[in-house]
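K.L.:
Generate a structure from the sequence data that follows.
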Amino acid sequence: MTYHTDTTPTPTGRARYRGWVVALIVVGVAWAGAVALRAGTAPVHLDGWQPGLDAGMAEAEAQGRPMLLMFTADWCGPCQTLKKDVIQTPEVRAAIDAGFVPVVVDLTDQSSNNPGVAAVQRYGVRGIPMLVLTDARGRPLPGTIAYPDFAHSPPRFSQSPEGFLAWLASAEPADAE
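P.N.:
Below is the predicted model:
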């Protein structure tokens, strides 16, 4: 009986673990960056917004107004920036209050117990922040796209009050039923 021995050299102890060390460093740097980003961006809460799709639909039906849905999370830095720098500006708040029932779908808790998970599936949310204009029954308004527009790469996303107001104005009234 003959045995075939593999003559390829095996890596030394140092070389064997070099890949793992590099991987751990990359993960550590990414984790530190995420912690730093989160620590620097405090959650911005939207006063007067309906908490969740069900509450929003009930209020929208009672008022006969369309909804502005915002999918967000406390840990989402871009969400907090959008809320602080755009949505809470006086001109944007006035436009939202004049035309829409604002609804926040909080995805901070990503467990299956969160009722916002069903809304994520319903509206095909692929990233946050995401805003959708709907009628009182939750159907997207004609002529609107999600904000930001994830259909384009990179997504179209104006972080100015003027860009946001132009997006709000793109909504066409829903047909009365």
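
K.L.:
tell me the helices in this structure, going along the chain?
P.N.:
With DSSP state H, the ranges of helices along the chain come out as 13-40, 53-63, 77-82, 90-99, 116-123, 161-169.

K.L.:
Enumerate the positions of the fourth one that are buried.
P.N.:
Along helix 90-99, these residues count as buried under the neighbour rule (16 or more other Cβ atoms under 10 Å): 92, 93, 95, 96, 99. Bear in mind the C-beta positions are built from the backbone N, C-alpha and C, glycine included.

K.L.:
Skip the chain neighbours and tell me the closest residue to the fourth one.
P.N.:
Sequence neighbours aside, residue 102 is the residue nearest to residue 96 in space, at 5.3 Å (criterion: Cβ to Cβ, 6 or more residues apart in numbering).

K.L.:
Can you tell me the closest non-neighbouring residue to residue 165?
P.N.:
residue 95 (5.7 Å).

K.L.:
I'd say that neighbour and residue 166 touch.
P.N.:
No: in this structure residue 95 lies outside contact range of residue 166 using Cβ atoms under 8 Å: 10.5 Å.

K.L.:
Tell me which of the buried residues of helix 90-99 has the lowest pLDDT.
P.N.:
Lowest in pLDDT among the buried residues of helix 90-99 is residue 99, which has 92.

K.L.:
can I assume it is in contact with residue 169?
P.N.:
No: assessed by Cβ under 8 Å, residue 99 is found out of contact with residue 169, at 9.3 Å.

K.L.:
Burial check on residue 122, number of neighbours?
P.N.:
Residue 122 has 12 neighbours, counted by other Cβ atoms under 10 Å.

K.L.:
check contacts around it.
P.N.:
Residues near residue 122 by Cβ atoms under 8 Å, 6 or more residues apart in numbering: 53, 138.

K.L.:
Kind regards, and thank you for your time.
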